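J.: Just a sequence and a predicted model for now, questions to come.
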Amino acid sequence: MLIDNDVDLNELTDERLMDLLQDGNDAAFTVIYDRYHRRVKGNVINRLHAQLSADADDIVQAVFLSLHRCTERFIRDSHVSSFLLATTHRLIINHINHVHRQMRDLRRAVQQVHPTMADDRAYEKTEAAEYARHFLARLTPAEAEIVRLIDLEGHTAASAAEIIDAPLTTAQWRHRKAWKHLHLLAARESATV
């Protein structure tokens with residue numbers, strides 16, 4: 001990619017590319033992306049271990065969107081690689097915390113239906129998976145699928161939407177609706193116990 005005076009963007013420093021990006025040159029962003037996306041994605045995959053690549057792709061995309069959004073506020077002498085690394089770390093931690101919160105919420109919903117499941121040993125993988133299947137059988141197929149994808153398999157809403165071939169807002173709506181249904185079922189069962 002060339003700019004005025006036939007200067008190849010690939011040969012410019014990150015600082016110069018950020019200057020160009022601040023001036024509205026989107027080709028500079030492409031060069032930065034090409035320069036760092038493999039490193040960022042490798043970092044994400046290494047940190048998430050067994051997570052699916054769709055989640056890794058979502059996080060990588062969010063990292064670079066974050067860079068693009070903050071170009072005007074980007075501190076002149078900052079290193080692009082440091083910014084990308086810090087943003088990647090923050091987004092990975094956010095993703096992991098999100099997955100943990102979803103699992104905690106699912107466990108709480110299970111405990112509302114069956115208080116005897118409060119024992120920590122009840123959450124060993126095989127028992128938890130078996131109980132989750134039993135619990136999800138009470139939902140409609142669409143609701144069970146979205147809860148399974150997001151809450152049990154750890155997909156983001158965006159990757160779940162892609163899997164079910166629906167818009168993101170539809171996937172998010174189905175997920176909220178499924179959880180309302182789960183809470184309603186839990187309240188009914190706890191009232192009858």
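T.: Here it is on my side, so go on.
J.: Quick check: residue 64 vs residue 181, distance?
T.: 37 Å (Cβ to Cβ, to the nearest Å). C-betas here are computed from N, CA, C, even on glycine.
J.: same deal with residue 61?
T.: 31 Å.
J.: What would the helix or strand where residue 30 lies look like as CSV? C-alpha coordinates only.
T.: Residue 30 belongs to helix 26-48 when assigned by DSSP states H and E. What follows is helix 26-48, C-alpha atoms only, in CSV (Å, rounded to 0.1, in the frame of the first residue of the first chain):
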residue,chain,number,x,y,z
ASP,A,26,-7.9,3.6,6.8
ALA,A,27,-5.2,1.8,4.9
ALA,A,28,-2.9,2.5,7.9
PHE,A,29,-5.4,0.5,10.0
THR,A,30,-5.2,-2.4,7.6
VAL,A,31,-1.4,-2.4,7.9
ILE,A,32,-1.6,-2.4,11.7
TYR,A,33,-4.1,-5.2,11.6
ASP,A,34,-2.0,-7.3,9.2
ARG,A,35,1.0,-6.7,11.4
TYR,A,36,-0.5,-7.7,14.7
HIS,A,37,-3.6,-9.9,14.2
ARG,A,38,-1.8,-13.2,14.3
ARG,A,39,0.0,-12.2,17.5
VAL,A,40,-3.3,-11.0,19.1
LYS,A,41,-5.2,-14.1,18.0
GLY,A,42,-2.4,-16.4,19.3
ASN,A,43,-2.5,-14.7,22.6
VAL,A,44,-6.3,-15.1,22.8
ILE,A,45,-6.2,-18.8,21.9
ASN,A,46,-3.4,-19.5,24.3
ARG,A,47,-5.2,-17.9,27.2
LEU,A,48,-8.7,-19.4,26.4
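J.: Domains of this protein: list them as residue ranges, please.
T.: As given by automatic domain parsing, the domain ranges for the chain are 2-94, 99-192.
J.: how many other residues sit next to the residue lying closest to residue 72 once chain neighbours are set aside?
T.: Of all residues not flanking residue 72 in the chain, residue 22 sits nearest, at 6.2 Å (Cβ to Cβ, 6 or more residues apart in numbering). Burial of residue 22 is recorded as 14 neighbouring residues (other Cβ atoms under 10 Å).
J.: what residue lies at the spatial centre of the chain?
T.: Per Cα atoms, centre = their mean, the C-alpha nearest to the average position across the chain is that of residue 156, at 4.4 Å.
J.: Tell me how far the closest residue to that one other than its chain neighbours lies from residue 168.
T.: Nearest residue to residue 156, sequence neighbours excluded (Cβ to Cβ, 6+ apart): residue 58, at 4.9 Å. Using Cβ to Cβ, residue 58 is found at 11 Å from residue 168.
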